[in-house]
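Participant: My questions concern the predicted model and sequence given below.
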Amino acid sequence: MTRRKLLRLLGIPALLGSSGFAWASYARSRNPYYQGPVSDHFDGLVFTDGRPVTKGLTDVLRWQFSKREREAFPALYQAPPQDKPPARVEGLRVVHLGHAPFLYQVAGLNILIDPVFSERASPFSFFGPKRVNAPGVAFADLPKIDVVLVTHNHYDHLDVETLAAVHARDNPRMIMPLGNDVIVKAREASARAEAHDWGTRLALSDKVATTLVPSYHWSARGAFDRRMALWCSFVIETPAGKLFHIGDTGYHDGSLYEQLGSEHGPFRLAALPIGAYEPRWFMSDNHMNPEEAVAVMRSLRAEQALGHHWGTFQLTDEGVTRPPEALTIALEKAGLPEERFRPMRPGLVWEA
């Protein structure tokens with residue numbers, strides 16, 4: 001076995017989300033995170049977004065060990081200068097922190113979404129996808145955080161070390177879909193983590209509210225806890241307009257986003273993932289590509305879109321610049337101006 005294949009093999013637990021906590025919890029309970037009532041998207045053991053599950057470990061092994069057209073990321077992909085946000089903003093200011101995290105400052109409220117400040121998106125400090133640029137805002141330069149929103153429990157979105165650090169400094173309210181609070185509290189028992197179902201609307205202040213809505217994705221921290229915690233997107237109502245934030249999603253037939261656009265739109269802004277989509281035979285179920293992201297923007301009736309989930313951690317096979325290049329082509333094909341959908345970089349700011 002070559003060294004590269006050995007490292008791939010060792011990395012499969014990280015890809016699947018291996019952790020001692022998940023394994024030990026699974027041994028005690030069929031679902032270590034959530035034991036609530038059966039619903040149309042929870043069968044008593046696992047959650048579903050209504051689509052059949054078509055990929056498993058065999059497909060992971062096929063992807064990892066078959067001949068791949070993988071374009072390696074550079075060791076360093078230079079980002080713009082780090083931003084230093086103001087303490088508060090009465091309008092709307094959004095800064096990208098790299099990969100999936102954002103800081104939303106709106107109506108005097110500071111909201112952090114899917115914060116990851118760790119060096120790797122992995123359960124291990126020594127192995128797994130390593131960042132190729134620094135966070136768009138240094139942790140010490142973050143303003144006081146009032147609310148943290150977490151979309152799902154994959155390691156590139158739910159970083160318990162970052163959440164523990166934010167809790168220790170600011171003690172914010174942490175809102176996430178069902179089951180994910182257990183993961184956070186296993187690391188920091190005093191964290192103000194609360195878990196909610198799709199369709200739940202929560203006031204964040206007297207001016208801002210959020211609603212958890214479905215996405216086409218999945219969850220796992222360990223090899224034995226797939227889909228045992230819920231995943232979501234967030235609708236955020238603000239005086240500056242409605243915002244839509246997706247952490248990860250597949251496109252499927254697009255009907256979900258037609259429905260959400262009809263029920264909650266139009267939106268002033270949509271933050272949409274545009275990376276981690278190759279190879280399509282394996283990734284398309286759960287990661288949309290830039291062309292599909294443009295379709296989602298239109299279905300949501302979003303005035304402006306920001307593209308994320310690219311350029312910091314290599315999770316899949318496409319090269320570091322492929323997502324913005326593909327986005328440019330998709331916008332041209334759709335007859336839309338490039339400024340309508342902006343591929344974000346760490347430290348870049350969008351304001352309204």
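Facilitator: Structure received. Numbers count the residues shown, from 1 in each chain.
Participant: distance of residue 267 from residue 75?
Facilitator: 37 Å (CB to CB, to the nearest Å). The way it works is simple: take the backbone N, C-alpha and C, and place the C-beta from them, glycine included.
Participant: The two: which is more packed in?
Facilitator: Using other CB atoms under 10 Å as the criterion, residue 267 and residue 75 rank with residue 267 on top: 23 against 7.
Participant: And the more buried one, what's its pLDDT?
Facilitator: Residue 267 is assigned a pLDDT of 98 by the prediction.
Participant: Apart from its neighbours in sequence, what residue is nearest it?
Facilitator: What sits nearest to residue 267 in space, not counting adjacent residues and going by CB to CB, 6 or more residues apart in numbering, is residue 302, at 4.3 Å.
Participant: Now do the same contact list for residue 75.
Facilitator: Under the criterion of CB atoms under 8 Å, 6 or more residues apart in numbering, the contact list for residue 75 reads residue 132.
Participant: Quick one: classify it as helix, strand or coil.
Facilitator: Under DSSP: H, G, I helix; E, B strand; the rest coil, residue 75 falls in the coil class.
Participant: that older thread, for the residue nearest to residue 267, grab the count of nearby residues.
Facilitator: By other CB under 10 Å, 26 other residues sit near residue 302.
Participant: What distance do you get for it to residue 197?
Facilitator: Per CB to CB, residue 302 is found 25 Å from residue 197.
Participant: Check residue 122 too.
Facilitator: Per CB to CB, residue 122 is found 29 Å from residue 197.
Participant: Which one of these two is surrounded by more residues?
Facilitator: Taking neighbours as other CB under 10 Å, residue 122 and residue 197 compare with residue 122 leading, 22 against 16.
Participant: Leaving out sequence neighbours, find the closest residue to the more buried one.
Facilitator: In space, and not counting its chain neighbours, residue 122 is closest to residue 128: 2.3 Å by CB to CB, 6+ apart.
Participant: Could you report the neighbour count for that neighbour?
Facilitator: The local packing of residue 128 (other CB under 10 Å) involves 21 other residues.
Participant: hang on, it packs against residue 118?
Facilitator: No. With contact defined as CB atoms under 8 Å, residue 128 does not count as touching residue 118 (9.7 Å).
Participant: Which residue ranges of the chain form helices?
Facilitator: Ranges of helices within the chain are 3-16, 20-28, 57-65, 160-170, 180-187, 255-264, 280-283, 290-300, 322-334, based on DSSP state H.
Participant: Can you say which of the ones you listed is nearest to residue 102?
Facilitator: Ranking the helices of the chain by proximity to residue 102 (CB to CB) places helix 160-170 first, at 13.5 Å.
Participant: I'd like to know the average pLDDT value across that closest one.
Facilitator: On average, helix 160-170 scores 98.
Participant: try stretch 124-134
Facilitator: 95.
Participant: First-to-last residue distance for that stretch?
Facilitator: With CA to CA, to the nearest Å as the measure, the first residue of stretch 124-134 is 19 Å from its last.
Participant: Please enumerate residues in contact with that stretch?
Facilitator: With contacts defined as CB under 8 Å, 6+ apart, stretch 124-134 is touched by 7, 10-11, 14, 73-79, 82, 98-99, 118-122, 155-156, 311-315, 320, 346.
Participant: Could you list the buried residues of it?
Facilitator: Across stretch 124-134, burial judged by 16 or more other CB atoms under 10 Å covers 128, 129, 130, 131, 132, 133, 134.
Participant: how about the residues you listed in TSV, adding distance to residue 167?
Facilitator: Listed next are those as TSV, based on distance: CB to CB, whole Å:
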residue	distance to residue 167
128	23
129	24
130	25
131	22
132	27
133	25
134	22
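Participant: And the most centrally placed residue in the chain, what's its pLDDT?
Facilitator: The centroid of the chain falls nearest to residue 247 when counting by CA atoms, centre = their mean (2.8 Å). Among the per-residue scores, residue 247 holds a pLDDT of 98.
Participant: so where is the stretch 151-300 of the chain shaky, pLDDT-wise?
Facilitator: Judged against pLDDT under 70, the stretch 151-300 of the chain has no low-scoring part.
Participant: how close does residue 308 sit to residue 344?
Facilitator: 5 Å.
Participant: which residues are common contacts for those two?
Facilitator: When contacts are counted by CB under 8 Å, 6+ apart, residue 308 and residue 344 have residue 96 as shared neighbours.
Participant: quick revisit: phi first, then psi, for the residue nearest to the centre of the chain.
Facilitator: Here is the backbone geometry of residue 247 (degrees, to the nearest 10): phi -80, psi -50.
Participant: In this structure it contacts residue 213, no?
Facilitator: No. Look at residue 247 against residue 213 with CB under 8 Å: they stay out of range, at 11.8 Å.
Participant: Find residues that contact each of these two.
Facilitator: Residues within reach of residue 247 and of residue 213 at once, by CB under 8 Å, 6+ apart, are residue 233.
Participant: So residue 283 versus residue 116, what's the distance?
Facilitator: Separation of residue 283 from residue 116 (CB to CB): 20 Å.
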